[in-house]
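> Whatever this is, show me its structure:
(chains A, B, C and D)
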Number of protein chains: 2
Amino acid sequence: MQIGEAARLTGVSAKMIRHYEAIGLIPSADRRDSNYRDYGHHDLHRLGFIRRARNLGFAIEEIRDLLRLWGDTERSSADVKALTLKHIADLETKITALTEMRTTLMGLVSACEGSHRPDCPIIEGLAGPAHHH
Amino acid sequence: MQIGEAARLTGVSAKMIRHYEAIGLIPSADRRDSNYRDYGHHDLHRLGFIRRARNLGFAIEEIRDLLRLWGDTERSSADVKALTLKHIADLETKITALTEMRTTLMGLVSACEGSHRPDCPIIEGLAGPAHHH
DNA sequence: GCTTGACCTTACCATCATGGGAAGGTGCAT
DNA sequence: ATGCACCTTCCCATGATGGTAAGGTCAAGC
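Numbers count the residues shown, from 1 in each chain, chains lettered A, B, ... in the order given. Purely as a prediction, here's the structure:
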């Protein structure tokens, strides 16, 4: 099947399928006489794997490792688990940072009247902390 | 003062100070005879504002709006509040997405033995959902 | 006066994952 | 044979930041 159908079936855009091939995340696709890429079962399976991993926030290089492990019947599940735990830790770092921003902003927002008048604790907070005048 | 000292005092890298000038977030700095940029009070204040806004996750274009509001004595605090609430909503969208990833991954991880053996629910989950065989 | 070192300047490239668009080839249906 | 939908490669853009290279400025010390 052509790249467009593979894209439709896997949820990975044609653009990205070509990109993944260019960076060696997937092997070079077979070509027809027309020079069109040709995909089969196995390719769809692999693209689906990649899409699911992307949806879970894994970076491309992490997915490269996951694909290697997927294809390695000698793998230790401990390796997969370690990689995943590292990724979870990364997610938690981000979640924590975003949540702290949110908390601070909520505090500022709750102090802001939100009227036609210019007085605004949010702007004042950004302008410099502890600036009593 | 030179850009390096301004960077040290505000926590904004010299690189980024030049960048902010290039994109018009801050006005062009004064230059000495040497062509070195020259910063004063007012510039430090503005850079501090930008850094704090960045630390709270505001995007550059949002900061452009915030700076305009900061300098506008006719502003309505309602405008500042609206902009901030929008940003909080963006943060929450991201937090939700990351938290969902985390939850899914934790489920997979908890099902994974993490041993020397290859059997791994994480890999299986990525390879395709509901693939009983 | 000359060197050294710390600072500055601009300009270009890289990141990360993705999309947009141009210019042109392929293939099928009317 | 025309049109349309698809494909190809190539280049550029995003957002915020860092790196590096090649070169100018300036003060301290000899």
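> all contacts plus neighbour counts: C-alpha atoms, from now on.
Noted.
> and the closest residue to DNA strand D within chain A, what element?
Nearest residue of chain A to DNA strand D: A:G4, at 3.0 Å (Cα to the nearest atom of the strand). Assigned by DSSP states H and E, A:G4 belongs to helix A:3-10.
> how about the helices in chain A?
With DSSP state H as the criterion, chain A has helices at A:3-10, A:14-22, A:41-55, A:60-70, A:77-111, A:121-127.
> Pick the most buried one from these.
Across the helices of chain A, averaging neighbours per residue (mean count of other Cα atoms under 10 Å in any protein chain shown) puts helix A:121-127 on top, at a mean of 20.
> sorry, back to before: so can I have TSV of the helices of chain A showing mean pLDDT and distance to DNA strand C?
Putting the helices of chain A into TSV (pLDDT from 0 to 100; distance: least, Cα to the nearest atom of the strand, whole Å) gives the following:
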stretch	mean pLDDT	distance to DNA strand C
helix A:3-10	96	10
helix A:14-22	96	6
helix A:41-55	96	6
helix A:60-70	96	4
helix A:77-111	96	12
helix A:121-127	95	24
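> Return the residues of chain A in contact with DNA strand D.
A:Q2, A:I3, A:G4, A:E5, A:A14, A:R18, A:N35, A:Y36, A:R37 (Cα under 7 Å from any atom of the strand).
> The helix holding A:G4 packs against which elements?
If contacts are counted by 3 or more Cα pairs under 8 Å, 6 or more residues apart in numbering or on different chains; DSSP states H and E, helix A:3-10 sits against helix A:14-22, helix A:41-55.
> Report all helices and strands that the first one contacts.
When contacts are defined as 3+ Cα pairs under 8 Å, 6+ apart, helix A:14-22 sits against helix A:3-10.
> Can you show me the CA trace of the helix it packs on as PDB?
Only the C-alpha atoms of helix A:3-10 are listed here, as PDB (Å, rounded to 0.1, in the frame of the first residue of the first chain):
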ATOM      1  CA  ILE A   3       2.300   5.900   2.100                       C
ATOM      2  CA  GLY A   4      -1.000   7.800   2.300                       C
ATOM      3  CA  GLU A   5      -3.000   4.700   3.300                       C
ATOM      4  CA  ALA A   6      -0.300   3.700   5.700                       C
ATOM      5  CA  ALA A   7      -0.600   7.100   7.300                       C
ATOM      6  CA  ARG A   8      -4.400   6.800   7.500                       C
ATOM      7  CA  LEU A   9      -4.300   3.400   9.000                       C
ATOM      8  CA  THR A  10      -1.600   4.100  11.600                       C
END
